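**Student:** here are the coordinates; sequence isn't available:
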Ligand code: SF4
Ligand SMILES: [Zn+2]
Ligand SMILES: [Zn+2]
């Protein structure tokens, strides 16, 4: 017997087991849009007059997110950061550019090598960080700075339910409460120099963003980043997938149970003493020793890379 759509009783094309539901094409797209609308409303992520910047990688999550935000009537521009990971980066950039062109949307393109003098493969393992470590740090830095320079109100990233559950799993295994506080679906701009960051897809599972792209005919990069091997988050995802298989809804209740209790569990520390980085001027943690210079994590990482890579200082602003 064919599955029936929970909303219109038509023939279903997609099952969402954790909600005991199945949907036809149109009702599934409606369901995903509703999850994003709910996420945005619950955490006051963005308003229709806000200028929104979506960090796009060319993968299914970020392109589905950009598409959803445009469909929902947000003023959403895209931001692509080229990481210099060979053919993978070239293809990712092309996919983002095609997406933007087809919709007449604006895509900002930044380039790590051109702006900061290194690519992720060059930086991997040097300066004390793994490729994903230096990549994450570089992305956070460039996204924040690009949003500030462009006068955007909020940066959206495509983290989905699976990503957030895996990160929470890792943070919980280490009881890293500071990291747990930072992984909230919304991080307000608590200081000048910081842009508000939000994750409107935290209620949508990975297979749902993939289905969304397929059903909407969005071309995305299916291959994983070639540097992902050994990434701990991937291992945690696999573990959670096994648990989800045995008990649908595990990830959902793990993540949502945390979010519901988080405010009470964590004293979300906002008292951090922030100041300006002496090198680049971006907001950073003030050093313990008042006599020493405040240098942000990005500039410190870059300084370590300079020792191992032939980085030429690219025109600073
Ligand atoms: S897998 Fe690691 S190196 Fe590749 S894009 Fe993701 S964070 Fe960057
Ligand atoms: Zn339907
Ligand atoms: Zn800095």
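**Tutor:** Received the coordinates, thanks. Since we're looking at a predicted model, the values are computed, not measured. Ligands and ions are numbered 1, 2, ... in the order given.
**Student:** isn't residue 92 right next to residue 223, touching?
**Tutor:** No - at 9.4 Å, residue 92 does not count as touching residue 223 under the criterion of C-beta atoms under 8 Å. Yep, even glycine has a C-beta here, placed from its N, CA and C like the rest.
**Student:** more neighbours, these two?
**Tutor:** Neighbours of residue 92 and residue 223, each counted by other C-beta atoms under 10 Å, are more numerous for residue 92; the result is 24 against 12.
**Student:** neighbouring contacts of the strand or helix carrying the more buried one?
**Tutor:** Per DSSP states H and E, residue 92 falls inside helix 86-103. Residues external to helix 86-103 that are found in contact with it (C-beta atoms under 8 Å, 6 or more residues apart in numbering): 56-59, 63, 66-67, 70, 78, 80, 82-83, 105-107, 109, 121, 218-221, 223, 225-226.
**Student:** how many neighbours does residue 291 have?
**Tutor:** Around residue 291 there are 5 other residues, counting by other C-beta under 10 Å.
**Student:** oh sorry, the question was meant for residue 253
**Tutor:** Residues near residue 253, counting by other C-beta under 10 Å: 13.
**Student:** The helix or strand hosting it packs against which elements?
**Tutor:** Residue 253 belongs to helix 250-265 when assigned by DSSP H and E. Secondary structure elements in contact with helix 250-265, counted by 3 or more C-beta pairs under 8 Å, 6 or more residues apart in numbering; DSSP states H and E, are helix 161-173, helix 177-182, helix 232-246.
**Student:** Centre-most residue in this structure?
**Tutor:** Nearest to the mean C-alpha position of the chain, counting by C-alpha atoms, centre = their mean, stands residue 157 at 3.4 Å.
**Student:** Residue in the stretch 151-300 of the chain with the shortest distance to ligand 2?
**Tutor:** Per C-beta to the ion, the residue of the stretch 151-300 of the chain with the smallest distance to ligand 2 is residue 215, at 12.3 Å.
**Student:** State the distance from that residue to ligand 1.
**Tutor:** Between residue 215 and ligand 1 the computed distance is 25 Å (C-beta to the nearest ligand atom, to the nearest Å).
**Student:** Let me see the contact set for that residue.
**Tutor:** Under the criterion of C-beta under 8 Å, 6+ apart, the neighbours of residue 215 are 13, 14, 25, 28, 29.
**Student:** Give me the phi and psi angles of the residue nearest to the centre of the chain.
**Tutor:** With angles defined as degrees, to the nearest 10, residue 157 sits at phi -120, psi 160.
**Student:** for residue 55, same thing?
**Tutor:** Main-chain torsions, residue 55, degrees, to the nearest 10: phi -80, psi 110.
**Student:** just residue 288 next, same as before
**Tutor:** Here the main-chain torsion angles of residue 288 (degrees, to the nearest 10) amount to phi -60, psi -50.
**Student:** and if you look at residue 81?
**Tutor:** Dihedral angles for residue 81 - degrees, to the nearest 10 - are phi -110, psi 120.
**Student:** Verify the contact between it and residue 108 for me.
**Tutor:** No - at 9.2 Å, residue 81 does not count as touching residue 108 under the criterion of C-beta under 8 Å.
**Student:** Between those two, tell me which one has more neighbours.
**Tutor:** Remark: of residue 81 and residue 108, residue 81 carries more neighbours, 24 against 17, as counted by other C-beta under 10 Å.
**Student:** if I pick that one, what's in contact with it?
**Tutor:** Residues counted as contacts of residue 81 (C-beta under 8 Å, 6+ apart) are 55, 110, 111, 112, 138, 139, 142, 143.
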